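Asker: Can you look at this prediction? I've put the sequence above it.
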Amino acid sequence: KNLSIASGVEFWSCLSRNYHITPDIIEECSDMPWSWDGISYTPSITMEFINDRLGSDSRKITSINSIAGNMNWTGISQCLNITLSEIGQNPKMPWNWHAISLRNDLTTDLVVAHLCIKRWGWYSLSGTAAVTMKLIQDNPDVPWDWRSVSDNPNLTIEFVKCHQLEGINWNWDAISCKLS
């Protein structure tokens, strides 16, 4: 309640990014000039909180960086409090798929369900354990980053042998260290 004496864009930007700020605090002080960009990076943000900002009309989203003011979808997409299941269940949200490709909890199921999305971070995605060699084999038209596939923990010597004559730009240093 003493927040009403604080002023300045810089103060609110810093406070909004604070890890101790929760949706409940934001609701209690909803008349304060929160930085929605900063709030987007707080680990306590939830899908429920986002949906409350949107209401029931997902057409209110006007750009990848705009919701309830100026939420940042890179921060929201990285937030581990937003589950992969919630991301998969809300495909019309303007997720930052590059940021999602960097998540440690990324699953093969989510990748398969949304493989047609062209905004993945292909370098990061290609090297993650969520991408199996079967997934790569079954989807040859996807723009896999072969140098990153070279570091993929699922890579086998058999897969490399099977694909070595296809003009693939392998990272042979990574492969030789990994498979030796």
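Answerer: It's in.

Asker: Quick check: which element contains Glu27?
Answerer: Secondary-structure element containing Glu27, defined by DSSP states H and E: helix 23-28.

Asker: What segments of the chain are helices?
Answerer: Taking DSSP state H to define them, one finds helices in the chain at 9-16, 23-28, 36-39, 47-54, 73-78, 84-89, 97-101, 108-113, 122-126, 133-138, 146-149, 157-163, 172-178.

Asker: Just the CA trace of the helix holding Glu27, in CSV.
Answerer: Provided in CSV are the C-alpha atoms of helix 23-28 (Å, rounded to 0.1, in the frame of the first residue of the first chain):
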residue,chain,number,x,y,z
PRO,A,23,0.1,-11.9,-9.3
ASP,A,24,-1.7,-11.3,-6.0
ILE,A,25,0.5,-8.2,-5.3
ILE,A,26,-0.2,-6.9,-8.7
GLU,A,27,-3.9,-7.4,-8.2
GLU,A,28,-3.9,-5.7,-4.8
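
Asker: what's in contact with that helix?
Answerer: The contact list for helix 23-28, computed with CB atoms under 8 Å, 6 or more residues apart in numbering, reads 34, 39, 44-46, 48-49. The C-beta positions use only the backbone N, C-alpha and C, and glycine is treated the same way.

Asker: Farthest-apart pair in those residues, please.
Answerer: Trp34 and Glu48 (17.2 Å; CB to CB).

Asker: Neighbour count: the two, which is higher?
Answerer: Using other CB atoms under 10 Å as the criterion, Trp34 and Glu48 rank with Trp34 on top: 20 against 10.

Asker: So, low pLDDT: which residues of this protein?
Answerer: Applying pLDDT under 70 to the chain flags the ranges 1-7, 54-69, 180.

Asker: Most neighbours among the contacts of helix 23-28, which one?
Answerer: Within the contacts of helix 23-28, Ile39 tops the neighbour count with 26 neighbours, counted by other CB under 10 Å.

Asker: Please name the residues that touch that one.
Answerer: 16-17, 21, 26, 45, 71.

Asker: Could you do Thr22 as well?
Answerer: 42, 44 are the contacts of Thr22 under CB under 8 Å, 6+ apart.
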